[in-house]
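**Student:** For reference, the sequence and a predicted model appear below.
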Amino acid sequence: MNKIKVMTVFGTRPEAIKMAPLIKEMERRTDNFTSITVVTAQHREMLDQVLHSFNVQPDYDFNIMHQGQTLNDITTEVLQKMTSVIQATQPDIILVHGDTTTTLAASLAAFYQRKTLGHVEAGLRTWNKYSPYPEEMNRQMTDNLSDLYFAPTEQSRQNLLLENHPAKQIFITGNTAIDALKDTVKSNFQHEVLDQVPAGQRMILVTMHRRENQGKRMYQVFQAMKDVLLVRPDVEIVYPVHLSPAVQKAAHEVFDDCARVHLIEPLDVIDFHNLSARSYFIMTDSGGVQEEAPSLGKPVLVLRDTTERPEGVAAGTLKLVGTDYDRVKNEMLNLLDDPTEYQQMSQASNPYGDGHASQRILDAITEFFKEKK
Ligand code: UD1
Ligand code: UDP
């Protein structure tokens with residue numbers, strides 16, 4: 001059989017973290033696959049951190065990021081640039097990941113060029129058009145354009161079946177996030193921010209960046225965190241702040257006068273996994289962090305009203321707390337003060353796979369092309 005030419009396309013930090021294991025797996029199977037890596041660079045610095053950590057060298061880099069970029073800017077630039085690269089390289093299959101605007105625009109370009117499209121992390125749903133925004137519709141529309149669906153769990157497979165996607169094109173693979181997590185956590189981990197957190201203090205790791213949380217919701221969550229620290233002197237917050245200007249502004253306005261809140265630059269993924277493993281608990285509105293924390297046995301207060309990761313809630317590790325000031329404050333105090341609640345949420349249980357998702361995805365692609373010939 002001829003080698004299968006696989007184009008992977010991604011643009012942001014979380015897509016890169018979850019596509020890197022797949023690219024590395026293709027590097028181990030060069031007899032069967034030719035890999036073409038395309039980055040849109042919807043993120044620049046945060047993408048480069050991941051490329052560096054996993055030693056991935058893109059074949060094409062669109063370098064589109066600019067301050068104040070709109071969803072329209074990202075969509076139109078990716079659509080146009082992708083079309084030229086598809087025409088020049090003629091891949092057998094194009095793989096996109098998740099739910100960003102890079103994902104949707106690259107999928108549309110693949111469809112317009114009549115190329116086979118595979119969706120990694122297919123089938124996640126909240127069924128709420130604006131939560132998360134625009135990710136819920138990005139992933140629904142991507143699934144409508146896809147030919148092969150790599151669903152991380154049985155639940156995501158069920159979501160796809162509900163929408164009448166063909167069962168024989170859906171593969172349960174686990175999440176490639178867990179492939180990435182396998183080798184990163186080290187017992188002898190050191191980081192300068194840990195030197196700033198005195199021994200015996202409980203460290204809460206925070207991330208928050210979603211578009212629908214920017215503005216009032218973000219400010220009220222930050223204020224709740226700050227007020228909890230006033231009444232619990234043994235607690236410190238470490239917060240690697242997303243580079244989005246709206247997030248930077250809110251975080252610095254609320255926390256700059258707060259000695260026990262450590263605002264730092266976005267961490268490289270290895271450091272982030274290790275700090276997660278060292279934290280007392282995590283507060284986040286991130287999607288990827290909700291997948292990683294259950295394997296680490298770390299409780300997570302999810303700063304959102306909906307989640308497309310119900311498996312982590314069922315496992316007991318994630319609790320949806322939203323963004324209301326009183327609710328966030330009370331849930332933090334509860335988790336800090338109630339050892340039973342803390343214990344219940346700290347069971348390490350991993351609903352997102354065994355770390356071999358990339359292998360299953362490539363096996364499924366191999367079978368698909370065997371049957372086509
Ligand atoms: C994007 C994705 C979101 C994902 C998130 C991961 C969309 C619509 N949103 O949101 O689904 O959860 O990435 O983090 O696709 N910036 C930098 N340097 C960087 C990265 C971002 O300066 O390395 C700044 C830029 O000013 C940029 C802004 O952040 O304009 C926003 O980036 P953008 O990709 O548009 O949105 P995110 O909120 O990061
Ligand atoms: N992450 C990271 N550095 C950080 C914060 C998060 O490497 O400072 C990783 C984290 O381990 C997870 C991913 O980034 O794998 C989540 O990305 P993000 O929260 O930006 O996006 P989302 O998952 O919400 O789309």
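**Tutor:** That came in fine, so what should we check first? Ligands and ions are numbered 1, 2, ... in the order given.

**Student:** Spell out which parts of the chain neighbour ligand 1.
**Tutor:** Taking CB under 6 Å from any ligand atom as the contact definition, the chain meets ligand 1 at 12-14, 42-46, 65, 67-69, 71, 99-101, 134-135, 209, 211, 242-245. Glycine gets a C-beta too; all of them are placed from N, C-alpha and C.

**Student:** Filter those down to the buried ones and hand me the ChimeraX line.
**Tutor:** ChimeraX command restricting these to the buried ones, with burial defined by 16 or more other CB atoms under 10 Å:
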select :12,13,14,42,43,44,46,65,99,100,101,134,135,209,242,243,244
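
**Student:** So the closest residue to residue 214 other than its chain neighbours: helix, strand or coil?
**Tutor:** Spatial nearest neighbour of residue 214, excluding adjacent residues (CB to CB, 6 or more residues apart in numbering): residue 246 at 4.5 Å. Applying DSSP: H, G, I helix; E, B strand; the rest coil to residue 246 yields a three-state assignment of helix.

**Student:** Contacting ligand 2 as well, which ones from the residues of the chain next to ligand 1?
**Tutor:** Among the residues of the chain next to ligand 1, ligand 2 is touched by 13-14 when using CB under 6 Å from any ligand atom.

**Student:** Inside strands: which ones of the residues of the chain next to ligand 1?
**Tutor:** Judged by DSSP state E, the residues of the chain next to ligand 1 include no members of strands.

**Student:** mind checking pLDDT for the residue nearest to residue 214?
**Tutor:** Reading off the confidence values, residue 246 has pLDDT 96.

**Student:** Just give me the neighbour total for it.
**Tutor:** Here the neighbour count serves as a burial measure; for residue 246 (other CB atoms under 10 Å) it reads 14.

**Student:** Could you measure from the nearest residue to residue 235 once chain neighbours are set aside over to ligand 1?
**Tutor:** Ranked by CB to CB, 6+ apart and with sequence neighbours excluded, the top spatial neighbour of residue 235 is residue 202, at 5.1 Å. Distance of residue 202 to ligand 1, given as CB to the nearest ligand atom, to the nearest Å: 26 Å.

**Student:** tell me the centre residue of the chain?
**Tutor:** In the chain, the residue lying closest to the centroid (CA atoms, centre = their mean) is residue 288, at 3.2 Å.

**Student:** Next to ligand 2, which bits of the chain? Give me the list.
**Tutor:** Counting by CB under 6 Å from any ligand atom, the residues of the chain that sit close to ligand 2 are 13-14, 17, 177, 207, 240, 266-267, 269, 272-273, 286-289, 292.

**Student:** from those residues, which ones fall inside strands?
**Tutor:** Short answer: those in strands (DSSP E) are 207, 240.

**Student:** ok, the residue of the stretch 51-200 of the chain found nearest ligand 2 - contacts?
**Tutor:** With CB to the nearest ligand atom, the shortest gap between the stretch 51-200 of the chain and ligand 2 falls at residue 177, namely 6.0 Å. Listed by CB atoms under 8 Å, 6 or more residues apart in numbering, the contact set of residue 177 reads 17-18, 288, 291-292, 352.

**Student:** Now do the contacts for the closest residue to ligand 2 within the stretch 1-150 of the chain.
**Tutor:** Residue nearest to ligand 2 within the stretch 1-150 of the chain (CB to the nearest ligand atom): residue 14, separated by 3.6 Å. When contacts are counted by CB under 8 Å, 6+ apart, residue 14 is found next to 98, 100, 286-288.

**Student:** Show me which of those residues is closest to ligand 1.
**Tutor:** Nearest to ligand 1 out of the contacts of residue 14 is residue 100 (CB to the nearest ligand atom; 3.3 Å).

**Student:** Grab the nearest non-local neighbour of the closest one.
**Tutor:** Nearest in space to residue 100, with sequence neighbours left out and distances taken as CB to CB, 6+ apart, is residue 12 at 5.1 Å.

**Student:** Residue 183 versus the residue nearest to the centre of the chain, what's the distance?
**Tutor:** When distance is defined by CB to CB, to the nearest Å, residue 288 is 17 Å away from residue 183.

**Student:** related to what we said a few turns ago, didn't the residue nearest to residue 235 look like it was pressed against residue 236?
**Tutor:** Yes. Look at residue 202 against residue 236 with CB atoms under 8 Å: they come within range, at 7.3 Å.

**Student:** more crowded one of these two?
**Tutor:** Per other CB under 10 Å, whichever of residue 202 and residue 236 has more neighbours is residue 236, with 21 against 14.
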